[in-house]
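> let's see this in three dimensions:
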Amino acid sequence: MYVYDTKIRVRYADTDRMGYVYYGNYPEYIEVGRTEALRALSGSYKNLEDRGVFMPVHSMFIKYIKPAFYDDLLTVKTIIKEIPTRRMFFEYEIYNEKGDLLCKAETTLAFVSKKTGKTCRAPEWFSKLFDEFF
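Have a look, this model is predicted:
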């Protein structure tokens with residue numbers, strides 16, 4: 001299993017009239033977590049694109065548990081439980097500084113050939129990056 005933590009500070013612009021982080025910002029937070037997890041592993045998501053593979057989001061699920069507030073320092077825990085093949089599955093947990101679980105999420109991304117626009121297998125070099133974790 002590969003786990004990576006990313007810190008995000010809640011900006012004032014992220015909150016709604018009630019002072020909570022607006023629910024629509026959580027997909028952005030998990031995207032930052034996913035991008036930083038891949039950056040730590042392989043250099044960057046851009047590295048995949050530069051080598052001819054896109055990874056569009058196929059599906060996303062979010063469960064909101066508790067609100068986050070302005071100036072909270074959030075930890076986005078990105079979890080990968082299996083070596084990617086044609087799709088890649090991510091789980092996320094978002095915590096505040098007190099350690100309260102605020103949100104759980106899942107995304108599935110597909111591997112798509114830049115050249116053909118069709119789904120493809122994960123590049124071998126990319127899948128091998130996960131060998132040490134499984």
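> quick check: longest helix of the protein.
Looking across the chain with DSSP state H, the single longest helix is helix 26-42.
> for the helix or strand following that helix, which outside residues touch it?
Once the chain leaves helix 26-42, the next helix or strand it forms, by DSSP states H and E, is helix 45-50. Here helix 45-50 makes contact (CB atoms under 8 Å, 6 or more residues apart in numbering) with T35, L38, R39, S42, F54, M55, K114, P123, F126. For the C-beta atoms, the positions are set from N, CA and C on the backbone; glycine is no exception.
> give me the number of residues near the third one?
It stands for R39. By other CB atoms under 10 Å, the residues close to R39 number 15.
> not counting sequence-adjacent ones, nearest residue to it?
Excluding the flanking residues, the one nearest R39 by CB to CB, 6 or more residues apart in numbering is Y45, at 7.1 Å.
> residue contacts, the nearest residue to F54 once chain neighbours are set aside?
With CB to CB, 6+ apart as the criterion, F54 has its nearest non-adjacent residue at 4.5 Å, and that residue is V112. V112 makes contact with V53, F54, M55, P56, K118, T119, C120 under the criterion CB under 8 Å, 6+ apart.
> all strands of this protein, in order?
With DSSP state E as the criterion, the chain has strands at 2-9, 53-54, 57-64, 73-80, 87-95, 101-110, 112-113.
> nearest to P27, out of those?
Closest to P27 of the strands of the chain is strand 57-64 (CB to CB; 6.5 Å).
> in the chain, where is pLDDT below threshold?
Residues of the chain meeting the criterion pLDDT under 70: 43.
> hmm, 90 instead?
Residues of the chain meeting the criterion pLDDT under 90: 41-48, 128-134.
> distance of the one residue sitting closest to the centre of the chain relative to L102?
Taking CA atoms, centre = their mean, the centroid of the chain lies closest to R34, which sits 2.5 Å from it. Look at R34 and L102: by CB to CB, to the nearest Å, they are 17 Å apart.
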